[in-house]
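> coords below, sequence missing:
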Ligand code: SR1
Ligand code: MG
């Protein structure tokens, strides 16, 4: 009964833990375990029987963040995650891993192993492309967002879910790391890549007009209980292969604005574009990978709109919401928040404490400086003009403009702009 009091598991403890808690492996089997997580908050283990290839994921919430060990955080967050994964499994079966156990003492979730899939960020760093990703992620987004909103749910049931998913600690992390610290560096934890200090001071810290727009987005994040959002939808929260996609790690979930999820994934695909742009030497390969990133950004917006409209016709029954002008007003607001949220994610991953490997692994210092500037220029366009981003083509037009705003590599610029022209024609 070693697991009656909370402690942090190591790879050695996990086989014993899983045998004690679940009847998954025959007693004669030899179990192995590897820690596979690279997140900022949790410990993720894969436990497997080499002979049968049978495996599970054991995810434990630690008492402090891995990124900032002095930042304590409640270990109860796994409970919310286990609950939402089960709820989402009813909305988009197969797109989220199945949960087999939540252990409130050890703060552990045992879930389906997403094997034969790459963590998406890792796959993108190897410049792999995923032909069905835009289709899959928009099925997930449109169903999980629209069908947990007041548009579809009984209003009283929805209010109960709002209470059930109040998530103050994790929201506080986002309120600070996404909406505040990147602009004011109050805790002194921001880190700016050498060569971009003056640029970030001018474009971010000293831009009062930007601070005003971000403040508007921050208060919308906190006060628009629109849908049950994932809350941290970056490419490290996704496992993917050529045929299938899993979305997991929804511990930041709460009732918030739909656009926060859509904008986050858009920004993270742009980070992958930056990595490809900076590191792929071969013109054809770069054209192929960066082109895939751009068409994925475009398709995510356009397919989300199509699916939102289809689901609206299928599920919305409220006579007031069925008004076609209201529907287009509502979708317009979602798209406005999407653009703003994409901008926020682009800025906070460049300036703030939680960076992304797509950018930090660019070894050529000058290229990193320029890719970071691209992110910042794109972000500011998206935030300031967020009301204008109503289609995938609107994103590509701006990306085309900002890639020529940062003059660095003529060939790259020409190739990508040609690709954008092809996509837009
Ligand atoms: C202290 S946690 C830092 C970041 O990691 C998570 O994945 C979220 O993105 C959070 O902002
Ligand atoms: Mg996470």
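Cool, got the structure. Predicted model, so just to flag it, every value in this text is computed and none were measured. Ligands and ions are numbered 1, 2, ... in the order given.

> can we go C-alpha only for contacts and neighbour counts from here?
OK.

> Walking through the stretch 1-150 of the chain, point out its helices one by one.
14-21, 77-91, 120-125, 133-146 (DSSP state H, counting those that start in this stretch).

> name the helices or strands packed onto the shortest one?
Contacts defined by 3 or more C-alpha pairs under 8 Å, 6 or more residues apart in numbering; DSSP states H and E place helix 120-125 against strand 238-240, helix 258-279.

> got a markdown table for the helices of the stretch 1-150 of the chain, with distance to residue 36 too?
Shown next, in a markdown table, are the helices of the stretch 1-150 of the chain (distance: least, C-alpha to C-alpha, whole Å):
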| stretch | distance to residue 36 |
| --- | --- |
| helix 14-21 | 13 |
| helix 77-91 | 18 |
| helix 120-125 | 12 |
| helix 133-146 | 23 |
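
> Same list, these, but as a markdown table with mean neighbour count please.
Shown next, in a markdown table, are these (neighbours: other C-alpha atoms under 10 Å):
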| stretch | mean neighbour count |
| --- | --- |
| helix 14-21 | 16 |
| helix 77-91 | 19 |
| helix 120-125 | 20 |
| helix 133-146 | 21 |
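
> and those helices as a markdown table, adding mean pLDDT and distance to residue 272?
A markdown table is the format used below for those (pLDDT from 0 to 100; distance: least, C-alpha to C-alpha, whole Å):
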| stretch | mean pLDDT | distance to residue 272 |
| --- | --- | --- |
| helix 14-21 | 96 | 34 |
| helix 77-91 | 95 | 26 |
| helix 120-125 | 98 | 6 |
| helix 133-146 | 98 | 14 |
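
> any chance of the ones you listed in a markdown table, plus distance to ligand 1?
Converted to a markdown table, those look like this (distance: least, C-alpha to the nearest ligand atom, whole Å):
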| stretch | distance to ligand 1 |
| --- | --- |
| helix 14-21 | 23 |
| helix 77-91 | 13 |
| helix 120-125 | 12 |
| helix 133-146 | 18 |
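
> about what we covered before: and among the helices and strands packed on helix 120-125, the most buried is which?
Most buried of the helices and strands packed on helix 120-125, by mean neighbour count (mean count of other C-alpha atoms under 10 Å): helix 258-279, with a mean of 25.

> how big is the angle separating that one from helix 133-146?
Inter-element angle recorded for helix 258-279 and helix 133-146: 160 degrees (by axes from the mean of the first three to the mean of the last three C-alpha atoms, to 10 degrees).

> Could you see whether ligand 1 lies near helix 258-279?
No. Against ligand 1, helix 258-279 shows no contacts by C-alpha under 6 Å from any ligand atom, the least distance being 9.7 Å.

> Export the helices and strands packed on helix 120-125 to a markdown table and append columns for mean pLDDT.
Output for the helices and strands packed on helix 120-125, formatted as a markdown table (pLDDT from 0 to 100):
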| stretch | mean pLDDT |
| --- | --- |
| strand 238-240 | 97 |
| helix 258-279 | 98 |
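
> Tell me the residues of the chain that contact ligand 1?
40, 41, 65, 67, 174, 177, 232, 354.

> quick one: least confident of those residues?
The member of these with the lowest pLDDT is residue 67, at 70.

> Next, give phi and psi for the nearest residue to that one once chain neighbours are set aside.
Counting by C-alpha to C-alpha, 6 or more residues apart in numbering, residue 40 is the residue found nearest to residue 67 once chain neighbours are left out, at 5.2 Å. In terms of degrees, to the nearest 10, the main-chain angles of residue 40 are phi -90, psi -10.

> Next, format the helices and strands packed on helix 120-125 as CSV and append distance to residue 97.
As requested, the helices and strands packed on helix 120-125 are exported to CSV (distance: least, C-alpha to C-alpha, whole Å):
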stretch, distance to residue 97
strand 238-240, 10
helix 258-279, 18
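
> hey, where'd the strands end up in this structure?
Along the chain, counting by DSSP state E, strands occupy 31-35, 42-49, 54-61, 99-103, 108-112, 118-119, 227-229, 238-240, 245-247, 254-256.

> Measure how the first one sits relative to helix 14-21, angle-wise.
Yep, that's strand 31-35 we're talking about. 120 degrees.

> And for the third one?
Interaxial angle, strand 54-61 versus helix 14-21 (the same axes, to 10 degrees): 100 degrees.

> now strand 54-61: mean pLDDT?
Per-residue scores along strand 54-61 average to 96.

> follow-up on the earlier one: indicate which one of the strands of the chain is closest to residue 311.
Among the strands of the chain, the nearest to residue 311 by C-alpha to C-alpha is strand 227-229 (14.6 Å).

> lowest average confidence, helix or strand, in this structure?
Scoring the helices and strands of the chain by mean pLDDT, DSSP states H and E places helix 410-424 at the bottom, with a mean of 61.

> Spatially nearest residue to residue 48, not counting backbone neighbours?
Take residue 48 and drop its neighbours on the chain: the residue closest to it by C-alpha to C-alpha, 6+ apart is residue 55, 4.1 Å away.

> Contact partners for that neighbour?
Residues near residue 55 by C-alpha atoms under 8 Å, 6 or more residues apart in numbering: 46, 47, 48, 49, 112, 113.

> Count the neighbours of the closest residue to the fourth one other than its chain neighbours for me.
Once flanking residues are discounted, residue 49 sits nearest to residue 31: 4.8 Å by C-alpha to C-alpha, 6+ apart. Taking other C-alpha atoms under 10 Å as the criterion, the count of residues near residue 31 is 20.
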